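> from the sequence below, what's the structure:
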Amino acid sequence: STSDAGLIGGGNIPTPGEVSLAHNGVLFLDELPEFRRSVLEVLRQPLEDAQVTIARAAMTLTFPARFMLASAMNPCPCGYATDPKRDCTCTAQQIQRYTARVSGPLLDRIDIHIEVPPVSYAELAGPPDGETSAVIRARVNVARERQQARFDGTPTPHNAAMGVREIREYCQLDEAGEHMLEQVMTHFGLSARAHDRIRKVARTIADLDSSEEITAAHLAEAIQYRTLDRKQG
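The predicted model follows:
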């Protein structure tokens with residue numbers, strides 16, 4: 001039920017919105033398609049520029065807004081389109097209208113889209129079988145240190161903030177990777193922005209793998225994280 005002013009900032013005397021209050025942190029939007037489309041569309045500027053500019057008759061103010069956007073949505077209005085044990089009651093048109101509430105240009109600015117399958121009772125009740133948070137944190141810290149060393153002395157803080165010049169310098173692919181990305185771009189009709197974000201995610205996957213080179217395996221994993229792009233294609 002938030003307004004665009006509540007999310008971005010505004011008012012007669014402009015005050016920061018949620019995107020600025022989340023500066024250097026995380027902004028989580030649950031049930032993303034349930035937000036008004038006009039509210040979601042104002043996220044484009046801060047996701048691209050890491051700041052928000054609000055113009056009024058007497059003044060123009062710029063607030064910082066470098067945040068990590070995390071959001072969640074159901075696969076359809078009833079929520080059961082991908083559930084193996086329950087039948088979805090939605091029509092194809094209803095599902096299309098529901099997913100279309102989040103525009104392509106906004107999805108372009110979200111680096112990773114993944115489907116999360118339903119969790120069984122055995123998985124909920126049983127002991128965890130994955131890595132611990134401490135192990136994951138240690139690997140992430142090593143990758144962050146690698147990025148800090150890479151961008152030392154520059155205004156770029158990490159991989160996600162890379163511009164076109166940095167992408168060309170630090171996200172180079174081998175011949176197999178270039179061929180793979182070309183095929184994916186052509187087959188799914190991906191945008192130039194999606195192309196850049198795939199390269200940046202692949203660079204981060206390589207950093208987590210302690211690899212200086214972006215291999216075809218790193219690139220393939222990054223492509224798999226563009227679920228909604230591939231569905232639209």
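> going forward, measure contacts and count neighbours with C-alpha atoms only.
Will do.
> once you drop chain neighbours, what's closest to Leu106?
Once flanking residues are discounted, Leu106 sits nearest to Arg44: 6.2 Å by Cα to Cα, 6 or more residues apart in numbering.
> surely the one you found meets Ile110?
No. Contact criterion Cα atoms under 8 Å: Arg44 and Ile110 do not qualify, at 10.0 Å.
> which element follows the strand or helix carrying His187 toward the C-terminus?
Here His187 sits within helix 175-188, counting by DSSP states H and E. Note on helix 175-188: by DSSP H and E, the next helix or strand toward the C-terminus is helix 192-208.
> and the angle from that following helix to helix 175-188?
Here helix 192-208 runs at an angle of 140 degrees relative to helix 175-188 (axes from the mean of the first three to the mean of the last three Cα atoms, to 10 degrees).
> any idea of the mean pLDDT in the following helix or strand past helix 192-208?
With elements assigned by DSSP H and E, the helix or strand that comes after helix 192-208 is helix 216-224. For helix 216-224, mean pLDDT rounds to 94.
> other SSEs contacting helix 216-224?
helix 175-188, helix 192-208 (3 or more Cα pairs under 8 Å, 6 or more residues apart in numbering; DSSP states H and E).
> grab the CA positions of that helix and hand them over as PDB.
What follows is helix 216-224, C-alpha atoms only, in PDB (Å, rounded to 0.1, in the frame of the first residue of the first chain):
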ATOM      1  CA  ALA A 216      32.100 -21.200 -19.200                       C
ATOM      2  CA  ALA A 217      30.800 -22.900 -16.000                       C
ATOM      3  CA  HIS A 218      30.700 -19.600 -14.100                       C
ATOM      4  CA  LEU A 219      28.900 -18.000 -17.000                       C
ATOM      5  CA  ALA A 220      26.400 -20.900 -17.300                       C
ATOM      6  CA  GLU A 221      25.500 -20.500 -13.600                       C
ATOM      7  CA  ALA A 222      25.000 -16.800 -14.000                       C
ATOM      8  CA  ILE A 223      22.700 -17.400 -17.000                       C
ATOM      9  CA  GLN A 224      20.600 -19.900 -14.900                       C
END
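> residues of that helix that come out buried?
Neighbour-count burial for helix 216-224 flags Ala216, His218, Leu219, Ala220, Ala222, Ile223 (criterion: 16 or more other Cα atoms under 10 Å).
> the one helix or strand Val135 maps to: what's the following helix or strand?
Following DSSP H and E, one finds Val135 within helix 133-150. Following helix 133-150 in sequence order, the next helix or strand is helix 164-170 (DSSP H and E).
> and for that next one, what's in contact with it?
Asp196, Arg199, Lys200, Arg203 (Cα atoms under 8 Å, 6 or more residues apart in numbering).
> how does it look with 10 Å?
With contact meaning Cα atoms under 10 Å, 6 or more residues apart in numbering, helix 164-170 is reached by 150-151, 156, 159-162, 171-172, 196-197, 199-200, 203, 212-214.
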